[in-house]
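K.L.:
give me a 3D structure for the following:
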Amino acid sequence: MDAALRIGIIGLDTSHVTAFTKLLNDPLDANHVPGGRVVAAYPGGSADFPLSMDRVGGFTQDLRGQYGISMMETPEAVAESVDALLLESADGRVHLEQFRAIAPYGKPVFIDKPLALSSREAYEMAELAQQYDIPVMSASALRYSEGLVSALAETDGAITGADAFGPMHLEPTQMGYYWYGIHTAELLYRVMGTGCREVVVTANDDFDVITGVWQDGRIGTVRGSRRPGQSFGATLHTGGGPRLVDVSKDGRPFYASLLIEVMNLFRTGEPGIPLTETLEIIRFLEAANESRSTGQRVKL
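P.N.:
Residues are numbered from 1 along each chain as shown. Sure thing, here's the model as predicted:
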C-alpha cells in the first residue's frame with residue numbers, strides 16, 4: 001500500500017477542520033477515510049468576522065491537543081511541509097490571498113466552499129491553478145449526499161428541472177448568498193449541471209427564491225429560509241415525475257463522502273468537479289446577489 005499522504009490545513013476557524021482530521025487521522029472512526037493524515041496547520045482567522053475569530057482558538061487547541069498537529073506561522077510553511085492541502089478558512093474573502101501563497105508549491109488543493117466571493121477572484125484563482133499546474137477542487141459536502149447520489153443514478157440522467165432548498169442565513173462579511181446559499185446552489189448544480197443563462201430573485205424577510213433558466217430551457221430554483229428548522233434537500237423533476245431527496249436522512253456523514261472525493265483528487269490529480277463548474281456556481285451566486293439588490297433579471 002502506498003504511504004499515507006501528509007496533509008496540511010490552512011485556516012482553523014470552522015468545524016470542518018476537526019471533522020476532516022478525525023476522519024483522516026482516527027482509524028477507529030466508523031467512517032474513517034484512509035490514505036492520508038493531517039500533520040500541519042496554519043490557524044489564520046479574520047478579526048472582523050466573529051464566527052472566525054471566536055472559533056479559531058478552540059479548533060487550534062483541539063487539533064494540537066487531540067492529534068498532535070504541528071502549528072505553523074504561515075500558509076507557506078504548511079505548504080512546504082506536506083503533500084496536499086485543505087484550504088479551510090471560513091472567510092471566503094481570504095481564499096485568494098491564501099491560495100496565492102500556497103499555489104507556487106505545486107501541491108493539490110481542496111478549497112472549502114465558497115471558492116471565492118466574486119467571479120473576478122474565482123477566475124484569478126483558476127489562472128493561478130493553471131499557471132502552477134496544480135489540481136484544485138472546491139465543493140459543498142452536500143453535493144455528495146448518499147441520498148442525492150442514489151436518486152441521480154436512478155433517474156438515468158433524465159432531469160427536466162430541480163428545486164433545491166435549505167437554510168439561507170446571511171452573514172454581513174460574506175456577500176449575501178455566498179455564506180449559506182452556496183450549499184443549495186451546489187445541490188442545484190449537482191442535479192442540473194452547468195449552462196445557466198440568467199437568474200432572478202424574489203425575496204422577503206424570511207425567504208429567498210433564486211430562479212435560474214438554463215440554456216436548454218430547463219428551470220432550476222434555490223429556495224432559502226431564515227426560519228428555524230429548515231433542512232437541506234432537493235426535488236428532482238424527471239420524466240417519471242418528481243422525486244424528493246432529504247439529505248438529512250443519509251447514513252454516512254456528508255464530510256466523509258466529500259473527503260473520499262478529496263482523497264481521490266490528492267491521489268490522482270483529477271478533481272471530481274471541473275473547476276469550470278465551480279466558476280459558474282460562483283457567478284450564479286454573484287448574479288443572484290445582484291438580482292436581489294436590483295430586482296432585475298441578471299444574465300450570467
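
K.L.:
ok, longest helix in the protein?
P.N.:
Among the elements of the chain assigned as helix by DSSP state H, the one spanning the most residues is helix 275-294.

K.L.:
elements contacting it?
P.N.:
helix 119-131, strand 136-139, helix 181-192, strand 196-203, strand 207-214, strand 298-299 (3 or more CB pairs under 8 Å, 6 or more residues apart in numbering; DSSP states H and E). (Each C-beta comes from the backbone N, C-alpha and C, glycine too.)

K.L.:
and the residue of the chain most remote from its centre, what does it touch?
P.N.:
Residue farthest from the centre of the chain, counting by CA atoms, centre = their mean, is residue 240 at 30.5 Å. Residue 240 makes contacts with 155, 158, as judged by CB atoms under 8 Å, 6 or more residues apart in numbering.

K.L.:
which stretches in the stretch 51-200 of the chain count as strands?
P.N.:
70-71, 84-87, 109-112, 136-139, 159-167, 196-203 (DSSP state E, counting those that start in this stretch).

K.L.:
and the third one, what does it pack onto?
P.N.:
Here strand 109-112 is seen to pack against strand 84-87, helix 95-102, strand 136-139, helix 254-268 when contacts are counted using 3+ CB pairs under 8 Å, 6+ apart.

K.L.:
nearest to residue 284, out of the ones you listed?
P.N.:
When the helices and strands packed on strand 109-112 are compared by CB to CB, strand 136-139 sits nearest residue 284, at 13.7 Å.

K.L.:
run the chain-centre distance for that closest one.
P.N.:
7 Å (CA atoms, centre = their mean, to the nearest Å).

K.L.:
what's the answer for stretch 217-235, then?
P.N.:
17 Å.

K.L.:
same check, this time on stretch 36-51
P.N.:
For stretch 36-51, the distance to the chain centre is 16 Å (CA atoms, centre = their mean).

K.L.:
how close does residue 18 sit to residue 45?
P.N.:
Residue 18 sits 15 Å away from residue 45, going by CB to CB, to the nearest Å.

K.L.:
comparing the two, which residue is more hemmed in?
P.N.:
Set residue 18 next to residue 45 and count neighbours by other CB atoms under 10 Å: residue 45 wins out with 21 against 16.

K.L.:
perfect, I'm done here.
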